[in-house]
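**Q** the sequence and its predicted three-dimensional model are supplied below.
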Amino acid sequence: MSVSIAWRACVLGLVLALVAMADAASAQTFIEKMENKALKGAAYTRLRDLTYQQCEQRCLQDARCVAIEHYRGGGLLRRAPVCALFSSVEKTAASKNSDVGFKRRSLAAAPGETTHKRRRIGGVRSGGAHEFESARKFRRPPAVAAAPEPKPHVSGQPARRPSLEASRSAEAPAASPAPPPSVSRSIRGPSAPSGGAAPSIPRESPPTVTRPTDDSLSRSIQPKPTDRFHIVPVFYGTDRNRVKQEGRVGYANDRAKRLEMGRALVSVPLDHKVPNIERPRAWTIPYIGTIRLEKEDPNKHFTVREIKVLTKAELLALVKQRLGDSRTYRDQSIVFIHGYNMSFDDALFRTAQISYDLQFDGAAFTYSWPSGGGLASYIYDRDSAQGAERYLYEFLQMVQNETGTQSINIIAHSMGNQMLLQVLRSLKLRAPQAVSKINQIILAAPDVDRDAFEAIAAEITGVAKGITLYASANDRALEASRFVAGNKPRAGDVPEGGPVIVAGIDSIDISELSTGYLALHHSGYAEHTDLLTDIGQIIRTGTRPWSRRLKAFHPVKVPAGTYWRYEN
């Protein structure tokens, strides 16, 4: 009898386990559609010429996506359909031209049911209220007439840019709670602060990706549905010598003595972790080179998918379209100027990483001068930076005067500060109106003689709304520079008395943030989430004093004045 009871208990347990497994397997994620609505928030990706169903599939494949907005196209200007993916949403608004969808998690529908009529267990509908992946709840509005499907885009016809106003209706938004930030670790974002506290950005949210209207320039921009990466466009200027690389254009370390411009498309993997630049595993031997141990894979690594050399007219057309599609950073540009020991591709990766991690949907530029790309090329790099000043001058004048940007933010790193400071001085003297659009200038670990910096800094006051200097006491490249310069301190150093203090420039000691195992400790400004938070906040709002941006910033008073120190 006891054996029979035990046997029946085992069978019952097995049946219950199978039922539980079946219920778990039936759990699914789907998109709940809300017609004639638009979303308020920062979309991290915009993809043209997708149907609503294709837009749903992209969201379901991306763990970051919590909502979609599908602009149906048409209208007076007959614009093309656009799919926007959102990692967070502020609110919804009524719209005649778009539909939205929210990612939900539920049990699979029983036979004969739709996904919105989920089966009941024990008389109670499973799953309760519809839930976001991010755990926020929305009420489903009454159903309305289905919108007509957009006509597919015909290859060979230029894709038209979507109307921003069409997706951001002027009508009063329906009262709905907004989803919270992603439960994953996040960094503080660049949106305007409320009560002095910087809001947060989801950790892995990329900037908006747009497509140019010229079919000859748009190949490779649109990832396939199976691809696990996003595309970030980077506009570049360089006086490096152009060379042929495997499958694409490339730029070497030698000097071309002329300005060339173009656009690069950089892939960022969907599982990118802020603030890394994921690259194939490699073994770097100082003063010798790098041995790659792994093949490039755009689904795992930052890669250059395409580089196109453009005329000025072609470049300006693409930049103006990018700025026209910007929303979070409306009509803003970033210009990144790299430092010592950096290749052309590395400059593209760094620019794309900063743009992606800050959700910067404006135009991202980089100026790449002929760095030798090696530890032993310091003297060559210094001379190359000096020789590139006239080309950077021309490039910045174009960005300020011809692209249509209304706000320019410049980030210069290491030796790139030498050429930038000279160019800013020239611009202020020769074309003062050209600097009127400069918003923020960030001088990261400037490899400039300290005395020379103090002199030239006094001449460039007023060229921007704000100038920030990040200095570090453990920057090895600056140590090498100081040795070459006869042990003279550099502007990016932090000696015993503190960093250099100049009127009109905010100096911050970030020694505690410098990171990197067996590395140069030379990119702390972009390799720590707190610094990215600060860069995004100052670019977006210019918020001062520092205590309103990061609580870890503490003022330090010295005889020369006051600087700020990061203490976590």
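**A** Alright, I've got the coordinates.
**Q** residue ranges of the helices in the stretch 201-350 of the chain, please?
**A** Here the stretch 201-350 of the chain has its helices, by DSSP state H, counting those that start in this stretch, at 215-218, 312-325, 344-357.
**Q** oh, I was asking about the chain
**A** Here the chain has its helices, by DSSP state H, at 2-26, 52-61, 164-167, 215-218, 312-325, 344-357, 378-387, 389-402, 416-430, 450-459, 476-484, 529-541.
**Q** and the first one, what's its mean pLDDT?
**A** Helix 2-26 carries an average pLDDT of 53.
**Q** and if you look at the second one?
**A** The average of the pLDDT scores along helix 52-61 is 88.
**Q** worst mean pLDDT among the helices of the chain?
**A** helix 164-167 (a mean of 38).
**Q** picking that back up, hey, which of the helices of the stretch 201-350 of the chain is tucked in deepest?
**A** Of those, the one with the most neighbours on average (mean count of other Cβ atoms under 10 Å) is helix 344-357, at a mean of 25. From N, CA and C alone the C-beta is placed, and that goes for glycine too.
**Q** mind saving the C-alpha coords of stretch 494-501 as PDB?
**A** The C-alpha coordinates for stretch 494-501 follow below in PDB (Å, rounded to 0.1, in the frame of the first residue of the first chain):
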ATOM      1  CA  VAL A 494      48.000  67.100 -11.400                       C
ATOM      2  CA  PRO A 495      51.200  68.000  -9.400                       C
ATOM      3  CA  GLU A 496      51.200  68.500  -5.600                       C
ATOM      4  CA  GLY A 497      49.700  72.000  -5.900                       C
ATOM      5  CA  GLY A 498      46.700  70.800  -8.100                       C
ATOM      6  CA  PRO A 499      45.900  71.100 -11.800                       C
ATOM      7  CA  VAL A 500      46.400  74.300 -13.700                       C
ATOM      8  CA  ILE A 501      43.800  77.000 -12.900                       C
END
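**Q** parallel or antiparallel, list what pairs with the strand ranked longest in the chain.
**A** Criterion DSSP state E: the longest strand present in the chain is strand 248-269. Applying DSSP bridges, strand 248-269 is found paired with strand 229-245 (antiparallel), strand 303-310 (antiparallel).
**Q** sorry, back to before: so which of the helices of the chain is the most surrounded?
**A** helix 344-357 (a mean of 25).
**Q** now for that one, which elements pack on it?
**A** With contacts defined as 3 or more Cβ pairs under 8 Å, 6 or more residues apart in numbering; DSSP states H and E, helix 344-357 has these neighbours: strand 229-245, strand 248-269, strand 332-337, strand 363-368, helix 529-541.
**Q** closest one to residue 387 among these?
**A** strand 248-269 (6.4 Å; Cβ to Cβ).
**Q** list the buried residues in that closest one.
**A** Residues 249-251, 253, 255, 259-269 are the ones in strand 248-269 that count as buried (16 or more other Cβ atoms under 10 Å).
**Q** what angle separates that strand from helix 378-387?
**A** Compare the direction of strand 248-269 with that of helix 378-387 by axes from the mean of the first three to the mean of the last three Cα atoms, to 10 degrees and you get 100 degrees.
**Q** just checking, residue 305 touches residue 247?
**A** No - at 9.9 Å, residue 305 does not count as touching residue 247 under the criterion of Cβ atoms under 8 Å.
**Q** so where's the stretch 101-250 of the chain uncertain?
**A** 106-223 (pLDDT under 70).
**Q** settle it for me: which of residue 305 and residue 247 has more neighbours?
**A** Taking neighbours as other Cβ atoms under 10 Å, residue 305 and residue 247 compare with residue 305 leading, 18 against 9.
**Q** for residue 264, see how far away the more buried one is.
**A** In this view, residue 305 and residue 264 are 8 Å apart by Cβ to Cβ, to the nearest Å.
**Q** just residue 357 next, same as before
**A** Residue 357 is 18 Å from residue 264, by Cβ to Cβ.
**Q** same check on residue 464?
**A** Remark: distance between residue 464 and residue 264 (Cβ to Cβ) = 26 Å.
**Q** so which of the helices of the stretch 201-350 of the chain comes closest to residue 70?
**A** Nearest of those to residue 70, taken as Cβ to Cβ: helix 312-325 at 15.9 Å.
**Q** in terms of secondary structure, what does the closest one contact?
**A** In terms of contacts (3+ Cβ pairs under 8 Å, 6+ apart), helix 312-325 is packed against strand 229-245, strand 248-269, strand 332-337, strand 363-368, helix 389-402.
**Q** could you dump the last one to PDB, C-alpha only?
**A** Read that as helix 389-402. Taking Å, rounded to 0.1, in the frame of the first residue of the first chain, the C-alpha atoms of helix 389-402 are listed here in PDB:
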ATOM      1  CA  GLU A 389      46.400  73.000 -37.700                       C
ATOM      2  CA  ARG A 390      45.500  74.700 -41.000                       C
ATOM      3  CA  TYR A 391      43.400  71.700 -42.000                       C
ATOM      4  CA  LEU A 392      41.600  71.600 -38.700                       C
ATOM      5  CA  TYR A 393      41.000  75.400 -39.000                       C
ATOM      6  CA  GLU A 394      39.300  74.800 -42.400                       C
ATOM      7  CA  PHE A 395      37.300  71.800 -41.100                       C
ATOM      8  CA  LEU A 396      35.900  73.700 -38.100                       C
ATOM      9  CA  GLN A 397      35.000  76.700 -40.200                       C
ATOM     10  CA  MET A 398      33.000  74.400 -42.400                       C
ATOM     11  CA  VAL A 399      31.200  72.700 -39.500                       C
ATOM     12  CA  GLN A 400      30.300  76.100 -37.900                       C
ATOM     13  CA  ASN A 401      29.400  78.100 -41.000                       C
ATOM     14  CA  GLU A 402      28.000  75.600 -43.600                       C
END
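**Q** and that helix with strand 332-337, angle?
**A** Calculated by the same axes, to 10 degrees, helix 389-402 forms an angle of 180 degrees with strand 332-337.
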